[in-house]
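3D, please:
(one chain, ligands or ions: 1)
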Amino acid sequence: MPSQRISDVGAVGSAFRLWKLYGFESPADLDLEDLALAQGVLVLEGRLDSAEARLIRKGNMGLIRLSDSILEPGRKRFAIAHEIGHWLLHKSVSQVLACTSEDMIAKYKASEPEIEANYFAAELLMPQKLFVPRINGKRPSVALVKEQTRFFLTTMTATAIRWMELTDDYCAVVFSEQGRIRWWRESKPLEGRFWLDAGAALSPHSVAGEYFQGKPISGAAEPVDAEAWVEDAGRLGESTLVEEAFVMERYGQVMSILCFP
Ligand SMILES: [Zn+2]
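Coordinates of the predicted model:
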């Protein structure tokens, strides 16, 4: 991760140390609730209004309350890992932290502790050492992201973001809802060169845009006019790109994986 900031390096280092300390060899060894307990933090599920998880700190004891509205096991794992990140990294920030689903994907415009907790969670659940060899030389696709979710016991969302963080490829992942771009993440080589406006309407010429107009998704990667996604496509030097879309029924969202030639 060449362009990481110092604080992210600290977050990643802390997660890596836990793998070494407990001798984890694969994601299946990682029981998040046991790991939290070993750090002095009890995890309880219960009702939480408008937050995914909350961390309460009292001296050396901590309590993570996990929203019982989270259904996916991978999403629970990420939320607990994110809170363990706060526990280990942000002792002096606050004694009570409530984290929303937006915080769990935070990067742009987010506060530093949220970004750090996400880097920590990503490295804890999908260590770079294990992730990179599995994606090396491969372009991201829905099938390959799914394959990683099964291995790392993570969600499609967290896994696609992780892929973008760790690949040298020219690609991006975009999440859209009700015909509009919700949020997106580009790979490192595209940083500063690829920008979408969150909230903007999807182009009717994108695969995701067609889906929201009622056309079913083919399930294959399709070439699309680069202008359908990037306003100033000429600047990137490409006139077409490949889009593969995946419908996340539970959230009414579409995930588009975009790859530049
Ligand atoms: Zn948080």
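
contacts and neighbour counts: CA atoms only from here.
Fine.

Count residues in the vicinity of Asp168, would you?
Other residues near Asp168 number 16, with proximity taken as other C-alpha atoms under 10 Å.

wait, isn't it in contact with Lys188?
Yes. Contact criterion C-alpha atoms under 8 Å: Asp168 and Lys188 qualify, at 6.7 Å.

so how far is whichever helix or strand Arg162 is part of off the chain centroid?
Taking DSSP states H and E as the criterion, Arg162 maps to helix 156-166. How far helix 156-166 lies from its chain's middle: 5 Å, per C-alpha atoms, centre = their mean, to the nearest Å.

Could you name the helices and strands sitting against that helix?
helix 128-135, helix 142-152, strand 171-177, strand 180-186 (3 or more C-alpha pairs under 8 Å, 6 or more residues apart in numbering; DSSP states H and E).

Please repeat the previous calculation with a cut-off of 10 Å.
helix 73-89, helix 112-125, helix 128-135, helix 142-152, strand 171-177, strand 180-186, strand 240-248, strand 253-259 (3 or more C-alpha pairs under 10 Å, 6 or more residues apart in numbering; DSSP states H and E).

a markdown table for these, including distance to the ion and mean neighbour count?
Below are the helices and strands packed on helix 156-166 laid out as a markdown table (distance: least, C-alpha to the ion, whole Å; neighbours: other C-alpha atoms under 10 Å):
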| stretch | distance to the ion | mean neighbour count |
| --- | --- | --- |
| helix 73-89 | 6 | 23 |
| helix 112-125 | 5 | 25 |
| helix 128-135 | 21 | 15 |
| helix 142-152 | 21 | 17 |
| strand 171-177 | 21 | 23 |
| strand 180-186 | 18 | 22 |
| strand 240-248 | 24 | 21 |
| strand 253-259 | 23 | 24 |
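
For those, give me TSV that also has mean pLDDT.
Supplementary listing: the helices and strands packed on helix 156-166 in TSV, determined by pLDDT from 0 to 100:
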stretch	mean pLDDT
helix 73-89	97
helix 112-125	94
helix 128-135	96
helix 142-152	98
strand 171-177	96
strand 180-186	95
strand 240-248	95
strand 253-259	97
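
Adding distance to Val224, write those out as TSV.
Listed next are the helices and strands packed on helix 156-166 as TSV, based on distance: least, C-alpha to C-alpha, whole Å:
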stretch	distance to Val224
helix 73-89	31
helix 112-125	31
helix 128-135	24
helix 142-152	17
strand 171-177	14
strand 180-186	17
strand 240-248	6
strand 253-259	10
